[in-house]
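[1] quick check, what structure comes out for this input:
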Amino acid sequence: MRRRVVITGMGVVHSMGFGLDSFWSAIKEGKSGISTLTKFDTENYDAKVAAEIKNFEPTEYIDKKEAKRMDIFTQYAMAAAKMAVEMSGLKMEEEDSFRAGVIVGSGIGGIQTLEDQHHTLETKGAGRVSPFFITSMIANMAAGRIAIEYNLQGFNECVVTACASGNNAIGDAFKVIQRGDAEIMLTGGAESAITPLSYAGFCANKALSTNPDPATACRPFDRDRDGFIMGEGSGILVLEELEHAQKRGAFIWGEVVGYGCTCDAHHITAPHPEGIGGTRSMKNAIDDAGIKPEEIGYVNAHGTSTPLNDVAETKVIKAVFGEYAYKLAVSSTKSMTGHLLGAAGAIEAIITAMSLKESFLPPTINLQNPDPECDLDYVANKGRYADIKYALSNALGFGGHNAAIVLKKYSE
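    Numbers count the residues shown, from 1 in each chain. As a prediction, this is how the structure comes out:
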């Protein structure tokens with residue numbers, strides 16, 4: 001019998017809220033976290049908006065000295081981890097440290113540190129580059145720092161699969177517990193790539209929306225969509241083996257029951273035209289959960305608001321669910337959160353868990369003029385209540401990465 005894996009804590013750092021309560025309230029209300037970009041001058045950039053975090057104070061969550069030695073993506077992860085651990089009620093000093101671990105994904109890692117230190121090298125010379133440059137920049141530092149903070153000496157890794165990183169991290173952590181290698185895993189994703197160089201790169205490959213209006217720029221499945229909106233932040237979940245959580249009287253927010261992971265092996269940025277990899281990852285996740293496709297009540301779509309993704313993902317959903325696809329609720333919460341790259345799957349898993357817990361389908365906002373090729377129920381513009389037992393969260397990444405997870409409303 002496979003070990004059951006439940007969610008006992010969740011933490012979020014995002015422009016829509018610091019902490020689960022404020023973030024989830026904004027999601028339910030259909031608010032947008034997207035605004036005109038202020039981190040740097042965008043005069044020479046084609047894109048002008050982002051889901052940019054403002055007024056984040058790392059010392060509220062992290063020792064001041066240590067915070068200075070971290071890139072901001074790691075600061076976000078540390079803050080979200082603190083929230084998640086506090087919510088879980090875990091006392092890590094009472095746990096077997098070798099039976100607790102961390103998997104946190106990041107698509108890009110410490111690119112702000114890289115840009116800052118390159119500037120230092122060019123203007124002040126090699127001798128002025130920070131001794132903490134490398135240990136701030138590398139993508140595994142979110143996982144490493146969380147482990148150090150809570151003395152988690154078990155399974156630890158960083159997943160880097162572009163925009164699928166968050167889902168891969170959660171799926172891998174789920175499997176670590178399920179197969180008996182840990183009782184507790186902290187998992188999710190963190191990203192802070194709204195930097196001059198990174199933003200310029202996404203502009204150059206024509207991935208970002210050039211709509212300067214933050215209220216309407218992100219419009220998944222709409223015929224007027226023209227690209228994604230960058231976001232930043234972190235989502236961290238505490239996963240536990242069910243009996244371990246029950247023994248200590250933990251509140252259980254939801255259950256992870258399925259995971260599927262594939263690669264298109266087709267193109268570095270474009271999805272496979274027939275969606276073979278995405279279809280298989282979703283089917284594998286549903287099969288892993290031991291359920292029928294018709295038992296899924298909601299799909300949190302990757303839904304990037306790009307011309308290629310939204311049509312391709314719609315085709316994939318139809319391939320997986322057949323005629324049932326037209327009875328299935330699907331939404332892209334990126335319409336509100338923007339695209340957090342390596343952290344996207346993490347915050348979307350949190351949204352999906354809350355959707356199950358509260359029987360609420362979050363909306364796809366800005367869906368005013370549906371694309372004829374996108375003809376499913378995308379919960380347009382306003383969320384609604386619905387009694388759902390299982391939900392699937394989908395993530396796709398550059399390089400052809402596909403990762404899907406199935407969550408279940410918890411019941412004993």
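[2] who are the packing partners of the helix or strand in which Gly297 is found?
    Element membership of Gly297, judged by DSSP states H and E, is strand 296-300. In terms of contacts (3 or more C-beta pairs under 8 Å, 6 or more residues apart in numbering; DSSP states H and E), strand 296-300 is packed against strand 329-331, helix 344-358, strand 390-397. (Each C-beta comes from the backbone N, C-alpha and C, glycine too.)
[3] tell me which helix or strand comes right after that strand.
    helix 307-321.
[4] ok so, going back, and the helices and strands packed on strand 296-300: which comes nearest Gly235?
    Closest to Gly235 of the helices and strands packed on strand 296-300, according to C-beta to C-beta: helix 344-358, at 3.4 Å.
[5] what's the angle from the closest one to strand 296-300?
    With axes from the mean of the first three to the mean of the last three C-alpha atoms, to 10 degrees applied, the angle from helix 344-358 to strand 296-300 works out at 140 degrees.
[6] and helix 344-358, what's buried?
    With burial defined by 16 or more other C-beta atoms under 10 Å, the residues of helix 344-358 counted as buried are 344-357.
[7] right, and the helix or strand after that helix?
    strand 360-361.
[8] so which strand or helix has Gln368?
    Going by DSSP H and E, Gln368 is not in any helix or strand.
[9] with adjacent residues omitted, what lies nearest to it?
    The shortest distance from Gln368 to any non-neighbouring residue, by C-beta to C-beta, 6 or more residues apart in numbering, is to Asp222 (6.2 Å).
[10] where do the helices of the stretch 201-350 of the chain begin and end?
    Counting by DSSP state H, counting those that start in this stretch, the stretch 201-350 of the chain has helices at residues 242-247, 276-289, 307-321, 334-337, 344-358.
[11] count of residues packed around the residue lying closest to Arg248 once chain neighbours are set aside?
    Of all residues not flanking Arg248 in the chain, Gly89 sits nearest, at 7.3 Å (C-beta to C-beta, 6+ apart). Number of residues near Gly89 (other C-beta atoms under 10 Å) recorded here: 14.
[12] try His266
    14.
[13] from the chain's centroid, how far away is the strand holding Gly297?
    Relative to the chain's own centre, strand 296-300 is displaced by 16 Å; criterion: C-alpha atoms, centre = their mean, to the nearest Å.
[14] that one to helix 307-321, inter-axis angle?
    170 degrees.
[15] so what strands line up beside strand 296-300?
    strand 329-331 (parallel), strand 390-397 (parallel) (DSSP bridges).
[16] columns mean pLDDT and distance to Ile296 on top of the ones you listed, output as TSV?
    Shown next, in TSV, are the strands paired with strand 296-300 (pLDDT from 0 to 100; distance: least, C-beta to C-beta, whole Å):
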stretch	mean pLDDT	distance to Ile296
strand 329-331	98	9
strand 390-397	96	5
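[17] tell me which of those sits nearest to Ala200.
    Of those, nearest to Ala200 by C-beta to C-beta is strand 390-397, at 20.3 Å.
[18] wait, which of the helices of the stretch 201-350 of the chain is closest to Cys263?
    Comparing the helices of the stretch 201-350 of the chain by C-beta to C-beta, helix 276-289 comes nearest, at 5.8 Å.
[19] and the gap between Asn284 and His119?
    45 Å (C-beta to C-beta, to the nearest Å).
[20] I meant to write Asp371 there.
    Using C-beta to C-beta, we find Asp371 at a distance of 42 Å from His119.
[21] between these two, who's got more neighbours?
    Asp371 (18 against 10).
[22] so Ile268 sits against Asn205, correct?
    No: counting by C-beta atoms under 8 Å, Ile268 stays clear of Asn205, with 9.8 Å between them.
[23] check the contact lists of these two and give me the overlap.
    Shared contacts of Ile268 and Asn205 (C-beta atoms under 8 Å, 6 or more residues apart in numbering): none.
[24] re earlier: go through the helices and strands packed on strand 296-300 and name the closest to Phe174.
    Closest among the helices and strands packed on strand 296-300, using C-beta to C-beta: helix 344-358, at 10.3 Å.
[25] tell me the phi and psi of Pro220?
    phi -60, psi 140 (degrees, to the nearest 10).
[26] got a pLDDT number for it?
    Looking at Pro220, its pLDDT reads 98.
[27] quick one on the thing from earlier: export the buried residues of helix 344-358 as a markdown table, with columns for distance to Gly110 and pLDDT.
    Compiled in a markdown table, the buried residues of helix 344-358 are given as follows (distance: C-beta to C-beta, whole Å; pLDDT from 0 to 100):
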| residue | distance to Gly110 | pLDDT |
| --- | --- | --- |
| Ala344 | 18 | 98 |
| Gly345 | 20 | 98 |
| Ala346 | 17 | 98 |
| Ile347 | 19 | 98 |
| Glu348 | 23 | 98 |
| Ala349 | 23 | 98 |
| Ile350 | 23 | 98 |
| Ile351 | 26 | 98 |
| Thr352 | 28 | 98 |
| Ala353 | 28 | 98 |
| Met354 | 29 | 98 |
| Ser355 | 32 | 98 |
| Leu356 | 34 | 98 |
| Lys357 | 34 | 98 |
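[28] determine which two of the residues you listed are furthest apart.
    Top of the distance list for the buried residues of helix 344-358 (C-beta to C-beta): Ala344 and Lys357, 20.5 Å.
[29] where does the stretch 151-300 of the chain have low pLDDT?
    For the stretch 151-300 of the chain, no stretch has pLDDT under 70.
[30] mind listing the strands for it?
    With DSSP state E, counting those that start in this stretch as the criterion, the stretch 151-300 of the chain has strands at 156-157, 184-191, 233-241, 254-263, 296-300.
[31] make a markdown table from those strands and add mean neighbour count to it.
    What follows is the strands of the stretch 151-300 of the chain, written out as a markdown table (neighbours: other C-beta atoms under 10 Å):
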| stretch | mean neighbour count |
| --- | --- |
| strand 156-157 | 18 |
| strand 184-191 | 34 |
| strand 233-241 | 30 |
| strand 254-263 | 23 |
| strand 296-300 | 25 |
